[in-house]
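K.L.:
I'll drop the sequence and a predicted model, then ask my questions.
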Amino acid sequence: MMIKKYFFKCANCSETYFKLNEELSKCPKCKVGPLSIAMNEEKLKEKWSKTEFFKLKISSMWTFFDFLPLNNKKNIISLKEGNTPLLKGKRLAKKFEFSHLFLKLEFLNPTGSFKDRQISMGMSKAVEMNKKSVITMSSGNVGAAVAAYSARAGLPNIILIPSIAPEAKIIQIKIYGGNVIKIKSDSTKFISEIVEKAKTEFNMANLITASVYNPFIINGAKTIAYELAIQFFNEENALPDAIIIPVGGSGLLSAIFEGFKELKTIGFIDKIPKLFAIQPEGCAPFVQAIQNNLSPSYLFEHPWKEIKTISTALADDIPLDCYLGIPAIKNSKGTAITVSDQETLAASQMLSSLEGIWAEPSSCTTIAALKPLLDMNLIEPDERITCLITGSGFKDIQSIQPLLKESQEVAPDFDWKSTFKNLLPMK
């Protein structure tokens, strides 16, 4: 009898379903819980040893094919996503007096965000399920990834955009050939219901990056955990102590926890790093849930009322993956906090000027969180801290314009010696 590679597991009642290539998203037994994908750990232990895993030469996230819920490699749709650098943030570390501060540069994925990992997984599964078109909702990053990967796969797409989406992101979606429909609403529930109806009506793949709609898709982001484990083993001979993660729907948080949990269960690592979820003050339903011990059902019934933030990639009025994200925080002994837009903009300027990294505001929330986490004694100066930098600054130019200095315009015969001297700080 063939040992199946993965199975479905209910986040509410823990019922399991050993079905391959079926479109299950809600538990058939309890009718409430969303389903997640769990890999067959016995099969992984049979095929992989700890030594082999940590000696892997990563070429893309599909180096981890055996850890992902795709059955046939011929169905992989890839733009060589993954294998992103782990950079020591030396000048930031000095500023905050950290001994070990690292930046995981997810904005170096093909379309400029970590969402490429999720969409590569989702698009590959759509091909394996013989879907002929795809649909999603997105404030920008998912839309860009769906447009690019559907171009790679040769599948038509429809991308529903909320009114909060930055124009730069919409332009990127369109250049990949994305079919954009901008809806005058920022309601996750309203737009996702349209996606679900279209999926059923036209037999499309739903590529919303939330397990409540597609339990396969967030598995692509698990590979960040695998990469971090290998990168830290090679550079530090240890795991990170804490990982700081920007959170909107909480799919990225959930996937990273799941990746580390798998590695721990099969005996490749002995601990799971503390995970810290960061949200903007102007849209923080997940933080509210963690700090007030709210249930996922409460969050679905009470969407965040007024979204007001420059971190549009995190502006989810319902954290759709909270069924998985809330346990990820609790089981990793982490927590969730908010940062203000003002703190985020300051962090953006700091990251750019100190480390040469320009990230979109949503990514800079992880840098903005360093001081408050330190002040609250949630992280220690001598711990190995990793900030995820998830999206490129080119995706949201407008938000940082207030930070920029005016260019100097001079006549051809300007006094360049005095001008340059004023620009160069003398020691």
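P.N.:
Yep, that arrived.

K.L.:
element containing the residue nearest to the spatial centre of the chain?
P.N.:
By CA atoms, centre = their mean, the chain has its centre lying nearest to L252, at 4.0 Å. Element membership of L252 [criterion: DSSP states H and E] is helix 251-265.

K.L.:
where does pLDDT dip in the stretch 1-150 of the chain?
P.N.:
Filtered on pLDDT under 70, the stretch 1-150 of the chain yields the residue ranges 1-3, 20-21.

K.L.:
mind giving me the packing neighbours of the helix ranked longest in the chain?
P.N.:
For the chain, the longest helix by residue count, based on DSSP state H, is helix 219-235. Judged by 3 or more CB pairs under 8 Å, 6 or more residues apart in numbering; DSSP states H and E, the packing partners of helix 219-235 are helix 50-54, strand 86-88, strand 100-105, helix 115-128, helix 251-265, strand 384-389. Where C-beta positions appear, they are placed from N, C-alpha and C, glycine not excepted.

K.L.:
and the pLDDT at the nearest residue to Q118 once chain neighbours are set aside?
P.N.:
Excluding the flanking residues, the one nearest Q118 by CB to CB, 6 or more residues apart in numbering is G220, at 4.3 Å. pLDDT, G220: 97.

K.L.:
cool, and the one 10 residues further on?
P.N.:
The predicted structure scores I230 at 98 on the pLDDT scale.

K.L.:
wait, doesn't it sit right on F54?
P.N.:
Yes: taking contacts as CB atoms under 8 Å, I230 lies within contact range of F54: 5.9 Å.

K.L.:
which of those two has more neighbours?
P.N.:
A count of neighbours by other CB atoms under 10 Å puts I230 above the other of I230 and F54, at 21 against 13.

K.L.:
that one: what's it in contact with?
P.N.:
Contact analysis of I230 by CB atoms under 8 Å, 6 or more residues apart in numbering lists 53-54, 56, 58.

K.L.:
what does A165 give?
P.N.:
138-140, 143, 182, 312.

K.L.:
kindly write the ChimeraX command that selects the buried subset of those residues.
P.N.:
This is how ChimeraX selects the buried members of the contacts of A165, with burial counted by 16 or more other CB atoms under 10 Å:
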select :138,139,140,143,312
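
K.L.:
rebuild the contacts of A165 as CSV, extending it with secondary structure and distance to I37.
P.N.:
Formatted as CSV, those follow (DSSP: H, G, I helix; E, B strand; the rest coil; distance: CB to CB, whole Å):
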residue, secondary structure, distance to I37
S138, coil, 22
S139, coil, 25
G140, coil, 26
G143, helix, 23
K182, strand, 32
T312, helix, 28
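
K.L.:
the contacts of A165: which two are farthest apart?
P.N.:
Largest separation among these by CB to CB: K182 and T312, giving 13.4 Å.

K.L.:
count of neighbours near the closest residue to I256 other than its chain neighbours?
P.N.:
Nearest non-adjacent residue to I256, counting by CB to CB, 6+ apart: A225, 4.9 Å away. Residues near A225, counting by other CB under 10 Å, number 25.

K.L.:
and S407, by the same measure?
P.N.:
As a burial measure, S407 scores 5 neighbours (other CB under 10 Å).

K.L.:
helix, strand or coil for it?
P.N.:
coil (DSSP: H, G, I helix; E, B strand; the rest coil).

K.L.:
ditto for the one 4 residues further on
P.N.:
Following three-state DSSP, A411 is assigned to coil.

K.L.:
that one - how many residues pack around it?
P.N.:
6.

K.L.:
what does the one 10 residues further on give?
P.N.:
The number of residues packed around K421, counting by other CB under 10 Å, is 10.

K.L.:
does it belong to a helix or a strand, and which?
P.N.:
Assessed by DSSP H and E, K421 sits inside helix 416-423.

K.L.:
distance of the closest residue to A221 other than its chain neighbours from R117?
P.N.:
Closest residue to A221 apart from its sequence neighbours, by CB to CB, 6+ apart: A255 at 3.6 Å. Going from A255 to R117 by CB to CB, to the nearest Å gives 9 Å.

K.L.:
which residues are in contact with both of those two?
P.N.:
Common contacts of A255 and R117 (CB under 8 Å, 6+ apart): 220-221, 224.

K.L.:
alpha carbons of stretch 354-373, as CSV, please.
P.N.:
Below are the C-alpha coordinates for stretch 354-373, written out as CSV (Å, rounded to 0.1, in the frame of the first residue of the first chain):
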residue,chain,number,x,y,z
LEU,A,354,21.9,51.9,7.9
GLU,A,355,21.7,48.6,6.0
GLY,A,356,21.0,49.6,2.4
ILE,A,357,17.7,47.8,2.3
TRP,A,358,14.6,49.5,1.0
ALA,A,359,11.4,47.6,2.1
GLU,A,360,7.8,48.4,1.9
PRO,A,361,6.2,49.8,5.1
SER,A,362,4.6,46.4,6.0
SER,A,363,8.0,44.8,6.1
CYS,A,364,9.5,47.6,8.2
THR,A,365,7.1,46.9,11.0
THR,A,366,9.5,44.2,12.1
ILE,A,367,12.3,46.7,12.5
ALA,A,368,9.9,49.1,14.3
ALA,A,369,9.1,46.3,16.7
LEU,A,370,12.7,45.8,17.9
LYS,A,371,12.8,48.6,20.5
PRO,A,372,9.3,47.9,22.1
LEU,A,373,10.1,44.1,22.2
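
K.L.:
so how far is that stretch off the chain centroid?
P.N.:
Chain-centre distance of stretch 354-373: 15 Å, with CA atoms, centre = their mean, to the nearest Å.

K.L.:
kindly report the same for stretch 380-390.
P.N.:
Relative to the chain's own centre, stretch 380-390 is displaced by 16 Å; criterion: CA atoms, centre = their mean.

K.L.:
going along the chain, name the strands of the stretch 1-150 of the chain.
P.N.:
Assigned by DSSP state E, counting those that start in this stretch, the stretch 1-150 of the chain shows strands spanning 6-10, 16-17, 35-39, 86-88, 100-105, 134-137.

K.L.:
which of those is buried the deepest?
P.N.:
Highest mean neighbour count of the strands of the stretch 1-150 of the chain: strand 134-137, a mean of 27 (counted as mean count of other CB atoms under 10 Å).

K.L.:
quick one: list the elements packing against that one.
P.N.:
If you count contacts as 3+ CB pairs under 8 Å, 6+ apart, strand 134-137 packs onto helix 115-128, helix 141-153, strand 157-162, helix 188-202, strand 205-206.
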